[in-house]
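**Q** coords please:
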Amino acid sequence: MAYAHTNSKGTTYYLHSNGRMFFFSKEIKDGALDAVPAGYNVVEMKTGMLVLKKVQAEAPAPAEPTNTESAG
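**A** A predicted model of the protein is given here:
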């Protein structure tokens with residue numbers, strides 16, 4: 001079963017892959033995918049078009065500076 005996503009306008013789109021390119025279509029065609037690939041999530045543009053966006057790895061928290069000076 002192809003991965004389906006309904007946008008805010010009520011239109012259902014199906015996820016496809018053509019090699020390394022991903023796209024959404026209103027019809028199920030050759031290359032339909034069963035799930036969103038790992039490392040991606042579905043984002044809806046202002047126009048209602050759906051796209052896949054790579055999930056950004058969280059940046060490590062900055063290390064706290066260590067105080068190497070001694071009081072005195």
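
**Q** Not including adjacent chain positions, what is the nearest residue to M1?
**A** Ranked by CB to CB, 6 or more residues apart in numbering and with sequence neighbours excluded, the top spatial neighbour of M1 is D34, at 6.3 Å. Quick note: C-beta positions are derived from backbone N, CA and C, even for glycine.

**Q** what's near enough to touch that neighbour?
**A** D34 makes contact with M1, A2, Y3, according to CB atoms under 8 Å, 6 or more residues apart in numbering.

**Q** and the residue nearest to the last one when sequence neighbours are not counted, how many neighbours?
**A** The shortest distance from Y3 to any non-neighbouring residue, by CB to CB, 6+ apart, is to L15 (4.3 Å). One way to gauge burial is a neighbour count; for L15, by other CB atoms under 10 Å, it gives 24.

**Q** Let's verify L15: helix, strand, or coil?
**A** Under DSSP: H, G, I helix; E, B strand; the rest coil, the three-state class of L15 is strand.

**Q** circling back: buried ones among the contacts of D34?
**A** Buried residues within these, counting neighbours by 16 or more other CB atoms under 10 Å: A2, Y3.

**Q** Output the contacts of D34 in a markdown table; the columns should cover secondary structure.
**A** What follows is those, written out as a markdown table (three-state DSSP):
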| residue | secondary structure |
| --- | --- |
| M1 | coil |
| A2 | coil |
| Y3 | coil |
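
**Q** Do me a favour and get the backbone dihedrals for the one residue sitting closest to the centre of the chain.
**A** Among the residues of the chain, the one closest to the centroid is N41, at 2.3 Å (CA atoms, centre = their mean). Phi and psi for N41, reported as degrees, to the nearest 10, are phi -140, psi 160.

**Q** mind listing what it touches?
**A** Taking CB under 8 Å, 6+ apart, we find N41 in contact with L52, K53, V55.
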